[in-house]
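In: just the structure for this:
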Amino acid sequence: RTILGQQVSIGAARTLASRMAAEFGTKLSQPVAGLERVWPDAATLADADLGGLGISPSRSATLLRLSEAVASGDINLDAGADRDETERRLRDIKGIGPWTASYIRMRALRDPDVFLDTDLGARRALQHLAISSDPRGVAVRWRPWRSYALHYLWTAA
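Out: Okay, the predicted model is just below:
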């Protein structure tokens, strides 16, 4: 979902994710409150043909590379994984930059101390709340809970 959301609106990312789940996800035998499918696993996505879903070719290639790395065990996205090593390996994948690798670290690896200082929503919230015009400087004070501060800023924006 993080890769799908790169440089598109939240709504567009949601649409792409819905298409992927519909095409490659496992159908639940007993749907719950509108939830009919679970997200496809990495092995399924590693072999998927993403053409026709409206995903750009470069983003599709990134998704396939990441899925292959997770399916093979080269990258571990479990909460107990070594965060520094996983982030480094994520950044080695063409199409995954610092923001994406850090976001995955925060969400998938459950790191409570990630701050995305280049994030537009965080920057706008800092200005709106008159906290600071220097995201990096102010975030230092929020260690070791910067991920929570970031979520607060997104909500405030």
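In: number of nearby residues for residue 141?
Out: For residue 141, the neighbour count with other Cβ atoms under 10 Å is 9. Where you see a C-beta, it was placed from the backbone N, CA and C, and this is true even at glycine.
In: over to residue 134?
Out: Residues near residue 134, counting by other Cβ under 10 Å, number 12.
In: need the per-residue pLDDT for it.
Out: Here the pLDDT value assigned to residue 134 is 79.
In: what values do phi and psi take at it?
Out: Residue 134 has phi and psi values of phi -120, psi 90 when expressed as degrees, to the nearest 10.
In: contacts only, for residue 131.
Out: Taking Cβ atoms under 8 Å, 6 or more residues apart in numbering as the criterion, residue 131 is in contact with 125, 138.
In: residue 123 is in contact with residue 135, isn't it?
Out: Yes - between residue 123 and residue 135 there is a contact under Cβ atoms under 8 Å: 5.8 Å.
In: elements contacting the helix-or-strand element of the chain with minimal mean pLDDT?
Out: Using mean pLDDT, DSSP states H and E, helix 135-140 stands out as the lowest-scoring helix or strand of the chain, at a mean of 84. The contact analysis (3 or more Cβ pairs under 8 Å, 6 or more residues apart in numbering; DSSP states H and E) places helix 135-140 against helix 120-128.
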